[in-house]
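S.K.: The following comprises the amino acid sequence and a computationally predicted model.
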Amino acid sequence: MPGRHRRNPQRSRLVSRTIYSGRHITGLSLEPELWEGFDEIRAANQLSRSELVRQIQNSAPDTKRTSAVRVFIIQYFRLRSELRNCHSGVGEVPLPRRTR
């Protein structure tokens, strides 16, 4: 019908997870591939999801949580790739620090 808005039939791929931040409970929505990367990072660093999110937020306090997490994941894997290209057999990658 003319004038009616059609809803996008494509559903969002975002997956929401609950994160405990201190006394607060919050949600974080990421694509499944980003959750896989996030969980790989936290497992390699023996951190809970909440601990890793807290570290990310502390390193980027003026950035929205979801954006900070996405950027962090990209930075982590970019750094890991660079380190592997420089040194084969490199161990775990240090958590990247955000630069301003």
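M.R.: Right, received. Where do you want to start?
S.K.: Please name the residues that touch the residue nearest the centre of the chain.
M.R.: When the chain is reduced to its mean C-alpha position, the closest residue under C-alpha atoms, centre = their mean turns out to be Val69, at 3.4 Å. Each residue near Val69 by C-beta atoms under 8 Å, 6 or more residues apart in numbering is listed here: Leu28, Leu30, Leu34, Phe38, Val53, Ile56. Where C-beta positions appear, they are placed from N, C-alpha and C, glycine not excepted.
S.K.: among these, which are in strands?
M.R.: With strands defined by DSSP state E, the entries of the contacts of Val69 inside them are Leu28, Leu30.
S.K.: Where does the residue nearest to the centre of the chain fall, secondary structure wise?
M.R.: When elements are defined using DSSP states H and E, Val69 is found to belong to helix 65-86.
S.K.: pLDDT averaged over that helix - what is it?
M.R.: Mean pLDDT, computed over helix 65-86, is 92.
S.K.: Give me the distance from that helix to the chain's centre.
M.R.: Helix 65-86 has its C-alpha centroid displaced from the chain centroid by 9 Å (C-alpha atoms, centre = their mean, to the nearest Å).
S.K.: can you count the residues close to the closest residue to Leu14 other than its chain neighbours?
M.R.: If you skip the residues right next to it in sequence, Leu14 has Ser29 as its closest partner in space, 4.2 Å away by C-beta to C-beta, 6 or more residues apart in numbering. Residues contacting Ser29 under the criterion other C-beta atoms under 10 Å number 14.
S.K.: Appreciated, that's everything.
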